[in-house]
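A.B. asks: Predicted model and sequence below, questions to follow.
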Amino acid sequence: MHVSALLEFDAVPLETEDEVTVLLDITAPVRAAQEERPPSTLQVVLDRSSSMSRDDRLGGAVRALLSVVDRLDPVDRFGVVVFSDQARVLAPAGPLTDKTAVKERIRAVRPGGSTDLSSGLMRGVQEARRASQDGGATLLLISDGHANQGITEHGRLAEIARSAYVSGVSVTTIGYGLGYDEALLGAVADGGAGDALFAEDPDTAVGLIQGEADHLLAKTAQAASVRIRPEPVVGAVGLLGGLPADRLPGGEVMVELGDFYSGERRRLLVRLEIPGIPRLGPATVASLEVTYVDPGTLESFTVTLPVPVNVVPGSEAAGRVADPAVSTEKAYQRAQEAKHTASEALRRGDREAAARALDDARLRLGAQLDAAPEEMRGSVADQLAELDLLARSAQQDDMSLAAKAAYTSGHSQSRKRGSRQQSYGQNLRLPRAARVTPASRLLLASLEGLAVGDAFGDRHFPLAASGRPEGVLPPAPWPWTDDTLMACSVADLLLRQGRIDPDALAASFAEHFDVARKYGAATLDLLERIRDGEPWADLASALFNGSGSWGNGAAMRVAPLGAFFAGDPDRARAEAAASASVTHTHPEGVAGAIAVAVAAATAAGDPAATGPLVLDTAAEHTPESAVRDGILRARTLLAAPPATAALALGTGTRISAPDTVPFALWSVAVHWGDYESTVRTCALAGGDRDTTSAIAGGIAAARTGTEGIPAEWRRRTEPLPEWVDG
């Protein structure tokens, strides 16, 4: 076990009240590939009450358990207890010498009765202790309801789990559906030093159950704990993030961490209140003892770390600089506490308080992003996106769903990191209807406006338009081009994850690559090479002799992104830059994407917005560049005819962002609120007609909604691909 400690400040002021925050970093031993795994014990306690018949819940659990039996070795010990009105042993815990017989018993489970959770939990603990012979076991409790028979008090059920953990049995819970009591199952998981997970549907339940089995098989440390021993100079000890802890005599605190899988890393934040130290110089304020058991040998190990500080004059302490890793982790853990606050607010029906707690946490954590160490920026960015999603969910989704998502995410991420944590929108699968939020509706409207504009513009190139009288619509069908296909990848990623992950976006571009969609030559080559496994970051930065692309491709696909972050131009700017990085690293290419996204965010999110305001806001948020200069020039040409504006701003004939974006935004501003006129102006102006029309159409539809797009245009345009998660 690798253990290290880091202080936010290593100096404290003399004779002054202060606080010492310690970041404890623990990483479990890594099991070598050839190393033999010791036998494991998994005891399942399965709710089979009548409500488990809904939505194939029991069927999903059965399928998952059958898969688990297949994954375990014959020497592993496995058992199943089922409960409804009372508990019974379905498969006695023991070595899996006859997998067929165990699977037949699991298949025979039928729903019926009430929910005496306590009887199932206690009987499961008995079986786990008997089978493991004090060698350690994992109990997995799966339930979809409230405890309505037997012991129902949260505290008493948590004590049962706590007693089990003292005997070597860790307890993890999976709440199933929207009717269970997340606070109850969370209390049980805390008592048993395990996870509290949420499965809204059978598919998610299958994945979580299988995942817990995989972690059990990879376990390299069990019964881990941290004992905090403060020195007399410490007034009080606390933990950030909501971790449960036991207060011991003498002011000591014990934190039970449960089991670790191979290489698992966890971080704890310990807060020590210092009333004032009367002497200058080095001082030890506490010691941290990390104890764990090797599951192979059952040998116990302890690692002890002192917490030293330097007591300095107040004037010297005033110049302290916080360690960025500790400060970032503090903001991260405060965000987990905010999720619990939001969950409580939702359970009492207060959507606004829940959203406010999550938004405040996002702002505080966002303030740490620039200062965060490089290794932490990815997790911080993920948290910012998740807090945004949870806040939207708190305002729009089913309140039970939103409460459970917030609670589970906060519980999991304050205790686990990496593959064991459960976060909203990823491991937490939401029903399709729950994803239909105002943000997703704006995104999809913009995406359709982009696709129709793309297709309409493409049908107006001279070859396609030859011989057609002016004003007559091109004949159907209107196929869209790479503009729409790549925008679909952006939209799909946002609908699924709520943020731009450049790795995932590059993978989507490569997966859905279609050579017939009229990509530019550089992008065509880049996507083919990404599809062949070459790293996208190296390829994108190497384009055009290392200067990167300043083409209009990053701009053409981001209007739906801006619509998704309606009213938040700063967030739109950041996410647009991330989306551009996959293919366009030149500052002008990035600036083009930012300008379009900010324009769409303003158009979609500000009811009082006007065409000139969209130009002003886009210019304000776009970095110094030729793109920004073009937007400022467009602002002076609002009274000019299209031909004059096209000549002054360019229409994409050079396929560059500076030559494309300003005219597209000018068309939106001049024809504010009029989708048809906006797109016609771009298509008839010449140049890169499909791209200017796609950009302008995406922004215009973010404002007007799909109802602003002519119905006949929508009918003639090729449908969007089914894989977009709309």
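C.D. replies: Cool, the structure landed. Numbering: from 1, shown residues only.
A.B. asks: hey, let's count contacts and neighbours off CA atoms from now on
C.D. replies: Noted.
A.B. asks: And A600, how far from V45?
C.D. replies: 51 Å (Cα to Cα, to the nearest Å).
A.B. asks: Tell me which of those two has more neighbours.
C.D. replies: Per other Cα atoms under 10 Å, whichever of A600 and V45 has more neighbours is A600, with 37 against 29.
A.B. asks: Which helix or which strand is home to the more buried one?
C.D. replies: helix 587-605 (DSSP states H and E).
A.B. asks: Could you list every helix and strand in contact with that helix?
C.D. replies: Using 3 or more Cα pairs under 8 Å, 6 or more residues apart in numbering; DSSP states H and E, the elements in contact with helix 587-605 are helix 553-556, helix 559-564, helix 569-580, helix 611-621, helix 626-635, helix 661-670, helix 689-704.
A.B. asks: how far is the last one from where the chain is centred?
C.D. replies: The gap between the average C-alpha position of helix 689-704 and the chain average comes to 29 Å, counting by Cα atoms, centre = their mean, to the nearest Å.
A.B. asks: Next, count neighbours for D55.
C.D. replies: 12.
A.B. asks: leaving aside the residues next to it on the chain, what's closest to T115?
C.D. replies: S84 (4.7 Å; Cα to Cα, 6 or more residues apart in numbering).
A.B. asks: Please apply the same query to D568.
C.D. replies: Per Cα to Cα, 6+ apart, closest to D568 is A601, 6.4 Å.
A.B. asks: In contact with that neighbour: list those residues for me.
C.D. replies: L561, G562, A563, F564, F565, A566, G567, D568, P569, A572, A702 (Cα atoms under 8 Å, 6 or more residues apart in numbering).
A.B. asks: in which helix or strand would I find the residue nearest in space to the middle of the chain?
C.D. replies: Geometric centre of the chain, nearest residue: E386, 4.5 Å, by Cα atoms, centre = their mean. Assigned by DSSP H and E, E386 belongs to helix 374-396.
A.B. asks: and that helix, what other elements does it pack with?
C.D. replies: Using 3+ Cα pairs under 8 Å, 6+ apart: helix 374-396 touches helix 324-347, helix 351-366, helix 399-415.
A.B. asks: what about that helix, distance to the chain center?
C.D. replies: On Cα atoms, centre = their mean, the centre of helix 374-396 falls 6 Å from that of its chain.
A.B. asks: Then stretch 547-555?
C.D. replies: What separates the centre of stretch 547-555 from the centre of its chain is 28 Å, taken as Cα atoms, centre = their mean.
A.B. asks: And for stretch 568-580?
C.D. replies: Relative to its parent chain, stretch 568-580 has a centroid offset of 17 Å by Cα atoms, centre = their mean.
A.B. asks: what does that stretch contact?
C.D. replies: By Cα under 8 Å, 6+ apart, the residues outside stretch 568-580 that reach it are 490, 499-502, 505, 554-555, 558, 561-562, 565, 589-591, 593-595, 597-598, 601-602, 605, 621-622.
A.B. asks: sorry, back to before: let me have the contacts of A601 in CSV, adding distance to R37 as columns.
C.D. replies: Converted to CSV, these look like this (distance: Cα to Cα, whole Å):
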residue, distance to R37
L561, 47
G562, 50
A563, 51
F564, 47
F565, 48
A566, 52
G567, 53
D568, 51
P569, 52
A572, 48
A702, 56
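A.B. asks: quick one: which of the residues you listed has the most company?
C.D. replies: L561 (38 neighbours).
A.B. asks: Surely V102 touches P92?
C.D. replies: No - using Cα atoms under 8 Å, V102 is not in contact with P92, being 9.0 Å away.
A.B. asks: close enough to count as contact, P92 and E127?
C.D. replies: Yes - counting by Cα under 8 Å, E127 is a contact partner of P92 at 7.2 Å.
A.B. asks: can you list residues touching both of the two?
C.D. replies: In contact with both P92 and E127: G79, using Cα under 8 Å, 6+ apart.
A.B. asks: who's more crowded, those two?
C.D. replies: E127 (24 against 19).
A.B. asks: Can you name the next helix or strand after the lowest-mean-pLDDT helix or strand in the chain?
C.D. replies: One helix or strand of the chain scores below all others by mean pLDDT, DSSP states H and E: helix 462-465, with a mean of 55. With elements assigned by DSSP H and E, the helix or strand that comes after helix 462-465 is helix 482-497.
A.B. asks: one step back: who wins for proximity to V311 among the helices and strands packed on helix 587-605?
C.D. replies: Closest approach to V311 among the helices and strands packed on helix 587-605 is made by helix 569-580 (41.6 Å; Cα to Cα).
A.B. asks: Can I get that closest one in PDB, CA atoms only?
C.D. replies: Taking Å, rounded to 0.1, in the frame of the first residue of the first chain, the C-alpha atoms of helix 569-580 are listed here in PDB:
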ATOM      1  CA  PRO A 569     -21.200  32.000 -23.200                       C
ATOM      2  CA  ASP A 570     -18.200  31.300 -21.000                       C
ATOM      3  CA  ARG A 571     -19.000  27.600 -20.900                       C
ATOM      4  CA  ALA A 572     -19.800  27.600 -24.600                       C
ATOM      5  CA  ARG A 573     -16.400  29.200 -25.300                       C
ATOM      6  CA  ALA A 574     -14.600  26.500 -23.300                       C
ATOM      7  CA  GLU A 575     -16.400  23.500 -24.700                       C
ATOM      8  CA  ALA A 576     -16.100  24.900 -28.300                       C
ATOM      9  CA  ALA A 577     -12.300  25.200 -27.800                       C
ATOM     10  CA  ALA A 578     -12.200  21.600 -26.600                       C
ATOM     11  CA  SER A 579     -14.200  20.400 -29.600                       C
ATOM     12  CA  ALA A 580     -12.000  22.300 -32.000                       C
END
